[in-house]
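A.B. asks: everything below, folded, please.
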Amino acid sequence: MLDPTLAGPNGRGRRPRPLLRTMLGEVLRRTRREQGRTLADVARAARVSMPYLSEVERGRKEASSEVLAAICESLGIDLSDLLAGVWRDLAELRTRHARFERAAQTQAAEPAQPVQRAEQAERVIQLDSIRGGRPVAPTLRREGPAATPQCLLAA
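C.D. replies: Numbering: from 1, shown residues only. Prediction:
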């Protein structure tokens, strides 16, 4: 099931897009923690309940513009600072997503290289030396795709 805080109601089949309330909450929480302030302290100064502020920070509640202004005031930041922080986070998220997509496309375009038998033998020899020169049991000397270093170490 899709997480509504990331995808929204029509997010099926598309990459997840964060909601504004989630991004605002992350920036508010990060700012509060960077200042070394407690949730209770900021909630008291903003004149909102501590559970409500917690819900806003976790992206569970949509804060009105008045509440956002009060929270920003209590944190000593302008609303423009909050929005700039959201913009930076969104830009970073877009950059990471683009890198991930490029890497996935590159990996899909390059066929997997089969492991050569000589490389497999070298890996077995390296395992023999790790085990103090004791020979590896013949059942561990597998051939084919199952003869990866992870399989040999696990066995």
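
A.B. asks: give the contact list for Arg29.
C.D. replies: With contact taken as CB atoms under 8 Å, 6 or more residues apart in numbering, Arg29 is in contact with Glu57, Arg58. Quick note: C-beta positions are derived from backbone N, CA and C, even for glycine.

A.B. asks: tell me the secondary structure at it.
C.D. replies: On the three-state scheme (DSSP: H, G, I helix; E, B strand; the rest coil), Arg29 is labelled helix.

A.B. asks: what is the burial count for Cys18?
C.D. replies: You called it Cys, but residue 18 is Pro. For Pro18, the neighbour count with other CB atoms under 10 Å is 17.

A.B. asks: so it makes contact with Arg94?
C.D. replies: No - counting by CB atoms under 8 Å, Pro18 does not reach Arg94; the two are 10.5 Å apart.

A.B. asks: ranges for the strands of the chain?
C.D. replies: In the chain, no strands are found when defined by DSSP state E.

A.B. asks: so where is it shaky, pLDDT-wise?
C.D. replies: 1-15, 108-155 (pLDDT under 70).

A.B. asks: against Val67, how distant is Glu92?
C.D. replies: Distance from Glu92 to Val67, counting by CB to CB, to the nearest Å: 26 Å.

A.B. asks: those two: which is more packed in?
C.D. replies: More crowded of Glu92 and Val67, by other CB under 10 Å: Val67, with 17 against 10.

A.B. asks: how about that one, nearest residue that isn't a chain neighbour?
C.D. replies: Val48 (6.1 Å; CB to CB, 6 or more residues apart in numbering).

A.B. asks: show me how the chain divides into domains.
C.D. replies: 20-109, 117-154 (automatic domain parsing).

A.B. asks: show me which helix runs longest in the protein.
C.D. replies: In the chain, assigned by DSSP state H, the helix with the most residues is helix 79-109.

A.B. asks: what residues of that one count as buried?
C.D. replies: For helix 79-109, the neighbour count (16 or more other CB atoms under 10 Å) marks Leu82, Leu83, Gly85, Val86, Asp89 as buried.

A.B. asks: hmm, the first one is touching Ala69, no?
C.D. replies: Spelled out, that is Leu82. No - with contacts counted by CB under 8 Å, Leu82 stays clear of Ala69, the gap being 9.6 Å.
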